[in-house]
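*Asks:* build me a model from this:
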Amino acid sequence: MYKIITFFTILFFLISGCSVHKNRYNEKRNELESSITNTQKARLILDDDSAVLVTATYLNNLEKFEKNEVDTILLSIYFSNSENDRGDSWLPKVLINSEEASITKLSQDDEIINYLPSANAWSNHYLVTGKKSVDLKKFRFTVEIYPSIQALLTLQKDF
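*Replies:* Model prediction:
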């Protein structure tokens, strides 16, 4: 009887020790790493004491957004000087490969903001969608802050 219990105990430890353990932390970490790789930043100097930080994250490479029929980008805009902030009702003009894209302002508690590696409460966050171009590996993403000030970012679809 002792040999049978010992055998099954050893067998149990072998099976449980060699099985794949899924961990939510690792899944979240992989999403964060992927979003970091798909993020581009631009800092625009307005004058001596103010700047604008533009951050764009391409979301279609993440598992949750892979099947989207449109290119989906999470955009964050931070004005370092509140005098230059365009206000809550303002929406930036956004172009994807020189074609106008649809833009929606997000609330600070929207869950999609968690995919932005450097999300903070001082930035304005937007969800940008544009026509999906399957044949391009990279695309140009233009954000117009003021008519004469634009951020031009190149986002890569696949690595």
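
*Asks:* check contacts around residue 93.
*Replies:* Each residue near residue 93 by Cβ atoms under 8 Å, 6 or more residues apart in numbering is listed here: 100, 143-144. C-beta: built from backbone N, CA, C; applies to glycine.

*Asks:* per-residue confidence at residue 74?
*Replies:* Looking at residue 74, its pLDDT reads 87.

*Asks:* for the nearest residue to it once chain neighbours are set aside, helix, strand, or coil?
*Replies:* In this structure, residue 74 finds its nearest non-sequential neighbour in residue 57, 4.5 Å apart by Cβ to Cβ, 6 or more residues apart in numbering. What DSSP: H, G, I helix; E, B strand; the rest coil gives for residue 57 is strand.

*Asks:* and residue 57, what does it touch?
*Replies:* When contacts are counted by Cβ under 8 Å, 6+ apart, residue 57 touches 35, 38-39, 73-74, 115-117.

*Asks:* quick one: least confident of the residues you listed?
*Replies:* Comparing the contacts of residue 57 by pLDDT, residue 35 comes last, at 67.
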